[in-house]
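*Asks:* have a look at this prediction, sequence included:
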Amino acid sequence: MLITLGSLAQDRTPRANARQAAQRARIAEGRADGEVTNREAAALNANQRHIRRTERRAKADGEVTVAERRKIERKQDRASRRIRKAKTNEVGTPQN
């Protein structure tokens, strides 16, 4: 049976893969609802590509270290906040 290191590494980040899919779905949903503009969607999608590139680099050697996994999660956390802000057009806390 021939298994490459790359295919083994694919299974090392199931949580990151699931989050990535959920974030892309949130961006698409925001576009469909009109909550996210074309410009915002382009920026959010560029950020998603950056995260995927980071994940591919981490998997390239066949081993995803704890530090690499943390780095990916931090990037996904930031992306999630950006998506939320774009969908709600959050500028700051309202002053009553």
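*Replies:* Perfect, thanks for sending it.
*Asks:* now for the strand or helix carrying Arg78, which elements pack on it?
*Replies:* Under the criterion of DSSP states H and E, Arg78 resides in helix 66-88. Using 3 or more CB pairs under 8 Å, 6 or more residues apart in numbering; DSSP states H and E, the elements in contact with helix 66-88 are helix 14-33, helix 38-59. No exception for glycine: its C-beta is placed from N, CA and C like everyone else's.
*Asks:* next, Glu35: secondary structure please.
*Replies:* Of the three states, Glu35 takes coil under DSSP: H, G, I helix; E, B strand; the rest coil.
*Asks:* quick one: low-confidence parts of this structure?
*Replies:* 1-11, 90-96 (pLDDT under 70).
*Asks:* try it again with 50
*Replies:* For the chain, applying pLDDT under 50 flags the ranges 1-2, 6, 8, 93, 96.
*Asks:* export the helices and strands packed on helix 66-88 to TSV and tack on distance to Arg74 and mean neighbour count?
*Replies:* Below are these laid out as TSV (distance: least, CB to CB, whole Å; neighbours: other CB atoms under 10 Å):
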stretch	distance to Arg74	mean neighbour count
helix 14-33	11	15
helix 38-59	10	15
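*Asks:* so which of those helices comes closest to Gln76?
*Replies:* helix 14-33 (5.0 Å; CB to CB).
*Asks:* how about the helix holding Arg78 as CSV, C-alpha atoms only?
*Replies:* Extracted in CSV, the C-alpha atoms of helix 66-88 (Å, rounded to 0.1, in the frame of the first residue of the first chain):
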residue,chain,number,x,y,z
VAL,A,66,1.3,22.1,17.6
ALA,A,67,2.8,25.6,16.8
GLU,A,68,1.7,25.4,13.2
ARG,A,69,-1.8,24.3,14.3
ARG,A,70,-2.0,27.2,16.8
LYS,A,71,-0.9,29.6,14.0
ILE,A,72,-3.7,28.3,11.7
GLU,A,73,-6.2,28.6,14.5
ARG,A,74,-5.2,32.2,15.3
LYS,A,75,-5.6,33.2,11.7
GLN,A,76,-9.0,31.5,11.6
ASP,A,77,-10.0,33.3,14.7
ARG,A,78,-9.1,36.7,13.2
ALA,A,79,-10.9,35.7,9.9
SER,A,80,-14.0,34.8,11.9
ARG,A,81,-14.0,38.2,13.6
ARG,A,82,-13.6,39.9,10.2
ILE,A,83,-16.5,38.0,8.8
ARG,A,84,-18.7,38.9,11.7
LYS,A,85,-17.7,42.6,11.4
ALA,A,86,-18.4,42.5,7.6
LYS,A,87,-21.8,40.9,8.1
THR,A,88,-22.9,43.2,10.8
